[in-house]
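Q: Generate a structure from the sequence data that follows.
(one chain, ligands or ions: 1)
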Amino acid sequence: MPSLQQIRAALDGSGQAHVLRFWSELSEEEKEAFLQELGQLDLQRLEEHCQAAAEAAGAAPASCSQNLDPNLEPVPPESMGSVRRSDPESLAGWEHEGFLQISRNRVAVLLLAGGQGTRLGVQYPKGMYDVGLPSGKTLYQIQAERILKIQKLAESRHGSKCTVPWYIMTSEFTLKPTQTFFQENSHFGLEPSNVIMFEQRMIPAVSFDGKVILERKGKIAMAPDGNGGLYQALVDNDLLEDMKRRGVEYVHVYCVDNILVKMADPVFVGFCVKKGADCGAKVVEKAHPAEPVGVVCRVGGVPQVVEYSEIRPETAHLRGAAGELVYSAGNICNHFFSRSFLQEVAKKFKDQLKPHVALKKVPFVDSCGNQVKPTKPNGIKMEKFVFDVFPFSRSFVVFEVLREEEFSPLKNADGAPADTPTTARNSLLAQHCRWATAAGAALLDEHGNIIQIPLSSSAENHPPVKCEISPLVSYFGEGLELILKGKTIKTPFILDEEAAKELQAR
Ligand code: UTP
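A: I've put the predicted structure just below:
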């Protein structure tokens, strides 16, 4: 660990002397903690980092001025699968393959949960959020139960006990509370050794004039290095070796905030495996040409996610022969990677990933020592993105799924126009109502009247009927006929394992 003198010299030399401005005011304890923090910084590269951040923030944002359009092309049809367009035999074949791989312990899931969730605005990890379902389950619990169920489904299809390890990437902000939460909840029934939490790296937030931001007198404002920090974190924590030891060959990577995420989705995994893919992206059809989501496509023959701001409107509006958008593959941060691809990225490519600039409101201490909570962005956070490795893929595939079945992210607090606790809750409840109705149940409202639910209803066009199905009973709507066919059920209703037993006995 470098001494105070060495740190001071390094900070002076890189134009960051202000970091120690309040040193003499700190208590002994604060000094020790601060020294520890500073000692862990890459002081040699600090200046480079600060300059790069300030320059990148000052440069014109990525926009259609770069004119990527002449080089754009959609992912070719032979590399695409689709829940809507692929034939049922192919879908069944991919599902079979996926379950086979799961049953042989070759599939792991990896959760990206190191984000700060600033838009949602809670002080704890987003996975611990309860969106207000009748069961009160948190996102973490829903996900844990989906793993338990998919293991059981694979076991019952192939007759052997299996494990889907759950790797959870956290950051300085989310590691401890996540660990405690899992311990307090007995890992929701999962074997603790199969839940592997690890931490991504943190990097300093920088002001627009290239200075490290002091969050407190004895603390630098640090931020996680983006979900693309995954690749460095896999190396830092020897996780590729861990995967190898467990026999894991395929990894399904996803975000913490999608309440509908189909973890270890056998159809998606089976599709990628059958196509011999090293890297794959699950996508949803863009809602409209101007929807602000990244589009998965090719640029100069290389797979990539292109931000909506980088495509000209006339290109975004292009339609094919059947009237569908040509660039319709909306990225939902839901990816497949082979372990060998991850190994290649770790060895050869991870240092080539270019960070992106995010302008954020970073609380800071001003030169007089006052604590300030900015009302507009004042800081630069440099983030890598998980999809930045797509260009290195040699066999890239895309799988399109239905938005109302698989994608409803929790980003904002209630009151925002989209992606709130209410929209997340309603999408899950709407889906479960569709499942129950399709299985042959008649749902009654609190007055005893039958609720008519069109099978294609989505959260937006139907008020939420409180019918919640535990993932321990059904992973994706399967197996419900046995329990629900011909049954009349009064809502609100939770179909958990006990209720399922009672209904079957009726
Ligand atoms: P978002 O970009 O939506 O960020 O992350 P966020 O932190 O959840 O929310 P805001 O932007 O602060 O409001 C998408 C996914 O990537 C993860 C998040 O936890 C989420 O699952 N992520 C993000 C990381 O794992 N590490 C990071 O450094 C950033």
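Q: So what's the residue count around residue 288?
A: Applying other CB atoms under 10 Å, we find 8 residues neighbouring residue 288. Any C-beta I mention is one placed from the backbone N, CA and C, and that applies to glycine too.
Q: What is the longest helix along the chain packed up against?
A: Longest helix in the chain, counting residues (DSSP state H): helix 139-158. The helices and strands touching helix 139-158, judged by 3 or more CB pairs under 8 Å, 6 or more residues apart in numbering; DSSP states H and E, are helix 88-103, strand 166-170, helix 175-184.
Q: And the ones you listed: which comes nearest residue 126?
A: Between residue 126 and the helices and strands packed on helix 139-158, the shortest separation by CB to CB is 10.1 Å, and it involves helix 175-184.
Q: For the closest one, the averaged confidence score.
A: Model confidence over helix 175-184 averages 98 on the pLDDT scale.
Q: Which helix or strand contains the residue of the chain found nearest the ligand?
A: Nearest residue of the chain to the ligand (CB to the nearest ligand atom) works out as residue 115 at 2.1 Å. Using DSSP states H and E, no element contains residue 115; it sits outside every helix and strand.
Q: My guess is it contacts residue 227. True?
A: Yes. In this structure, residue 115 sits in contact with residue 227. The criterion is CB atoms under 8 Å, and the distance is 7.1 Å.
Q: buried sites along the longest helix of the chain?
A: Of the residues in helix 139-158, those scored as buried under the neighbour-count criterion (16 or more other CB atoms under 10 Å) are 139-151, 153-154.
Q: what does stretch 42-58 give?
A: Judged by neighbour count (16+ other CB under 10 Å), stretch 42-58 contains these buried residues: 43, 46, 47, 49, 50, 52, 53, 54, 56, 57.
Q: show me what contacts residue 466?
A: Contacts for residue 466 (CB atoms under 8 Å, 6 or more residues apart in numbering) come out as 134, 429, 491, 492, 493.
Q: and if you look at residue 74?
A: Taking CB under 8 Å, 6+ apart as the test, what residue 74 contacts is 297, 298, 326, 327, 329.
Q: Just to be sure, which of those residues are found in strands?
A: Residues from these lying in strands, with DSSP state E as the criterion: 297, 298, 329.
Q: List buried residues within those residues.
A: Judged by 16+ other CB under 10 Å, buried ones among those: 297, 298, 329.
Q: that older thread, taking the contacts of residue 74 together, which two end up most distant?
A: Longest distance between any two of the contacts of residue 74 is 12.0 Å, between 298 and 326; criterion CB to CB.
Q: after the helix or strand hosting residue 303, next one along is what?
A: Under the criterion of DSSP H and E, residue 303 resides in strand 302-306. Per DSSP H and E, the first helix or strand lying C-terminal to strand 302-306 is helix 313-316.
Q: what does that following helix contact?
A: When contacts are defined by CB under 8 Å, 6+ apart, helix 313-316 is touched by residues 69, 72, 289, 290, 308, 325, 326, 327.
Q: Same list (those) but as CSV, adding neighbour count, distance to the ligand and pLDDT.
A: Output for the contacts of helix 313-316, formatted as CSV (neighbours: other CB atoms under 10 Å; distance: CB to the nearest ligand atom, whole Å; pLDDT from 0 to 100):
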residue, neighbour count, distance to the ligand, pLDDT
69, 17, 26, 87
72, 21, 24, 95
289, 18, 23, 94
290, 10, 20, 92
308, 18, 15, 86
325, 20, 24, 95
326, 17, 27, 96
327, 22, 22, 96
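Q: ok, so of those residues, who is nearest residue 318?
A: The closest of the contacts of helix 313-316 to residue 318 turns out to be residue 326 (CB to CB; 4.2 Å).
Q: Tell me how many other residues crowd residue 287.
A: Tallying neighbours of residue 287 according to other CB under 10 Å, which is how burial is gauged here, yields 12.
Q: Which strand or helix spans it?
A: Here residue 287 is assigned to no helix or strand, by DSSP H and E.
Q: And for residue 281?
A: Using DSSP H and E, residue 281 maps to strand 279-285.
Q: remind me which residues of this structure are low pLDDT?
A: Confidence mapping of the chain against pLDDT under 70 gives the ranges 60-66, 454-463.
Q: what does it put close to the ligand?
A: Residues of the chain lying close to the ligand by CB under 6 Å from any ligand atom are 112-119, 126, 169, 171, 200, 224-227, 229, 255-257, 333, 411.
Q: Repeat the analysis, applying 8 Å as the threshold.
A: Taking CB under 8 Å from any ligand atom as the criterion, the chain approaches the ligand at residues 111-120, 126, 169-171, 174, 200, 223-227, 229-230, 254-257, 333, 358, 360, 383, 386, 409, 411-412.
Q: Let me see the contact set for residue 505.
A: Taking CB under 8 Å, 6+ apart as the contact definition, residue 505 lies against nothing.
Q: try residue 128
A: Counting by CB under 8 Å, 6+ apart, residue 128 touches 138, 139, 140, 177, 178, 181.
Q: now with 7 Å?
A: Residues in contact with residue 128, defined by CB atoms under 7 Å, 6 or more residues apart in numbering, are 138, 140, 177, 181.
Q: Kindly report the same for residue 180.
A: So residue 180 contacts nothing (CB under 7 Å, 6+ apart).
Q: where's it relative to residue 128, distance?
A: According to CB to CB, to the nearest Å, residue 180 stands 10 Å off from residue 128.
Q: Isn't residue 262 up against residue 402?
A: No. Under the criterion of CB atoms under 7 Å, residue 262 lies out of contact with residue 402, with a separation of 10.9 Å.
Q: These two - which one has more neighbours?
A: The neighbour count for residue 262 versus residue 402, taken as other CB under 10 Å, is higher for residue 262 (21 against 15).
Q: For that one, pull up the helix or strand it's in.
A: Per DSSP H and E: nothing holds residue 262, as it lies in no helix or strand.
Q: got the contact list for it?
A: Here residue 262 is in contact with 406, 476 (CB under 7 Å, 6+ apart).
Q: Quick check: phi and psi at it.
A: phi -100, psi 90 (degrees, to the nearest 10).
Q: if I look at it, how far off is residue 202?
A: 31 Å.
Q: and if you look at residue 347?
A: Residue 347 sits 24 Å away from residue 202, taking CB to CB as the criterion.
Q: who's more crowded, those two?
A: When residue 347 and residue 202 are compared on other CB under 10 Å, the one with more neighbours turns out to be residue 202, at 20 against 10.
Q: Run through the bridge partners of that one.
A: Listed by DSSP bridges, the beta-bridge partners for residue 202 are residue 224.
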